[in-house]
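[1] Sequence first, then the predicted structure, then my questions.
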Amino acid sequence: MKKTDDIMVVGTTTIRPGERVTVDLPVADLYTSTSLNMPIKIIRGRLPGPVLFVSAAIHGDELNGVEIIRRLLKRKTLRSIRGTLIAIPVVNVHGFLDQSRYLPDRRDLNRSFPGSAKGSIAARLANLFLREIVAKADVGLDLHTGALHRSNLPQIRANLDDTGTLELANAFGAPVVINSNTRDGSLRACAAKRGMPILIYEAGEALRFDETCIRTGLRGILNVMRYMHMLPAVKSSSRIKPVIARSTRWIRASTSGIVTDKAKLGSTISKGQVLAMISDPLGDDETRVIAPSDGIIIGRSNLPLAHEGDALFNLGTFRNMPKASSAVESLDPAPTV
């Protein structure tokens, strides 16, 4: 565990126990020489404890996590924190400004770790984040959404072979937990080499706010902080009991066309069930999209158009389907207006 009873330095800013400080970490300027900063909020308790970082918008168009962190920082319970919370709502500032997943050089920041202080703009940003944030933390929570026109059911992805990471994943309380291998160049892979557990929270769609996904993510972060004894425990009778997906697979379009009658995100599916129809614009030829197995739709394309081979549905399979269905149904729905 990192020491939290002494001085912490991020960039050129010193943060002492009991302080709540905003840090503007300089990143590459715009073409116009306008300065850009990565905004960071650091909250340190008076009492020692773990150091947790929560990050969002590593992909600049993934916005749910930005709102989750904004709401997290407004919670009064943080006044009772032990240890340190480092909140980074927008990591990829350039992509966020451009409403783009990527950096200006079209590189994916989450494939650029550990980066280099003298490399590309992506490599430099990755290196900065690793040096100034990851190196100072014990645990990380990285918030993501699906890609543009693609939604994910709220889920945690992590290395479940590590006992400590598995316990954190269960504590978060997302309905679905997926054992996910790390990818070269990702933040999670880089942190794993340092022995740091990181949870990836995936929920919703790029460039869209989803109230259910935001509420689930906020509740999950608070659950993890309580599990780590950073916040006082509370009595709760409504915590979601997550289920671990045995496997996941994408169901792809067997032909090109217009996609209609699509199964909804979170639906419980039976083997052989028709998930969608693909037809030509004249409606002469129709092809059924069939579920290859029982499961739950944990991700789906939102576009009504598909080329042959396009991913349409991400189907998760579970050993205990009734339990999995119950976990998904327990999600807190967005309020109706």
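    Here it is on my side, so go on. Numbering: from 1, shown residues only.

[2] ok, residue 167 - how many residues close by?
    Counted with other Cβ atoms under 10 Å, the neighbours of residue 167 add up to 14. All C-beta atoms are positioned from the backbone trio N, CA, C, and that covers glycine.

[3] Same question for residue 196.
    So residue 196, with other Cβ under 10 Å, has 18 neighbours.

[4] quick one: contacts for the residue nearest to it when sequence neighbours are not counted?
    Nearest residue to residue 196 in three dimensions, chain neighbours excluded: residue 140, at 6.3 Å (Cβ to Cβ, 6 or more residues apart in numbering). Contacts here follow Cβ atoms under 8 Å, 6 or more residues apart in numbering; on that basis residue 140 touches 52-55, 134, 187, 191, 196-199.

[5] would residue 140 count as being in a helix?
    No - applying DSSP: H, G, I helix; E, B strand; the rest coil, one finds residue 140 to be strand, outside a helix.

[6] could you measure it against residue 207, distance?
    Distance, residue 140 to residue 207, using Cβ to Cβ, to the nearest Å: 24 Å.

[7] Next up, the contacts around the nearest residue to residue 70 once chain neighbours are set aside.
    Nearest residue to residue 70 in three dimensions, chain neighbours excluded: residue 89, at 6.3 Å (Cβ to Cβ, 6+ apart). By Cβ under 8 Å, 6+ apart, the contact set of residue 89 is 39, 41, 56-57, 65-66, 69-70.

[8] Just the buried ones from those?
    Taking 16 or more other Cβ atoms under 10 Å as the criterion, what is buried in the contacts of residue 89 is 41, 56-57, 65-66, 69.

[9] what about this protein, any weak spots by pLDDT?
    By pLDDT under 70, the low-scoring segments of the chain are 1-5, 236-239, 332-337.

[10] Can you show me the helices along it?
    64-73, 93-98, 121-132, 163-172, 187-193, 211-227, 321-329 (DSSP state H).

[11] Quickly note the distance from the closest residue to residue 129 other than its chain neighbours to residue 192.
    Nearest residue to residue 129, sequence neighbours excluded (Cβ to Cβ, 6+ apart): residue 91, at 6.1 Å. Going from residue 91 to residue 192 by Cβ to Cβ gives 18 Å.

[12] what about the two, which has more around it?
    residue 91 (29 against 16).

[13] Would you list the phi and psi of the more buried one?
    Note on residue 91: its backbone torsions stand at phi -80, psi -50 [degrees, to the nearest 10].

[14] now residue 90
    According to degrees, to the nearest 10, residue 90 has phi -140, psi 100.

[15] going forward, begin numbering at 5 instead of 1
    Let's use 5 as the start, then, which means that last one is residue 94.

[16] Could you list the buried residues of stretch 264-279?
    So for stretch 264-279, counting by 16+ other Cβ under 10 Å, buried means 266-267, 269-273, 279.

[17] actually stretch 41-54, sorry about that
    Within stretch 41-54, the residues that count as buried by 16+ other Cβ under 10 Å are 42, 44-49, 52-54.

[18] Repeat that for stretch 246-263.
    Result for stretch 246-263 [16+ other Cβ under 10 Å]: buried residues 246-249, 252, 255, 257, 261, 263.

[19] Can you give me the end-to-end span of it?
    31 Å (Cα to Cα, to the nearest Å).

[20] does residue 130 really touch residue 117, like I thought?
    Yes - between residue 130 and residue 117 there is a contact at 4.6 Å, judged by Cβ atoms under 8 Å.

[21] any common contacting residues for the two?
    residue 191.

[22] the more surrounded of the two?
    residue 130 (29 against 24).

[23] In contact with the closest residue in space to the more buried one that isn't next to it in sequence, which residues?
    Computed as Cβ to Cβ, 6+ apart, the closest residue to residue 130 that is not its neighbour in sequence is residue 119, at 3.0 Å. Residues in contact with residue 119, defined by Cβ under 8 Å, 6+ apart, are 126-134.

[24] most surrounded residue in those?
    Neighbours here mean other Cβ under 10 Å. Within the contacts of residue 119, the largest count is held by residue 130, at 29 neighbours.

[25] From residue 214, how far off is it?
    On the measure of Cβ to Cβ, residue 130 and residue 214 end up 27 Å apart.

[26] Kindly report the same for residue 176.
    Distance from residue 176 to residue 214, by Cβ to Cβ: 17 Å.

[27] The two: who's more crowded?
    Shown here are residue 176 and residue 214; by other Cβ under 10 Å, residue 176 has more neighbours (26 against 22).

[28] The more buried one reaches residue 205, doesn't it?
    Yes - the criterion here is Cβ under 8 Å, and residue 176 meets it with residue 205 at 7.3 Å.

[29] Identify the contacts common to these two.
    By Cβ under 8 Å, 6+ apart, the residues touching both residue 176 and residue 205 are 160, 224.
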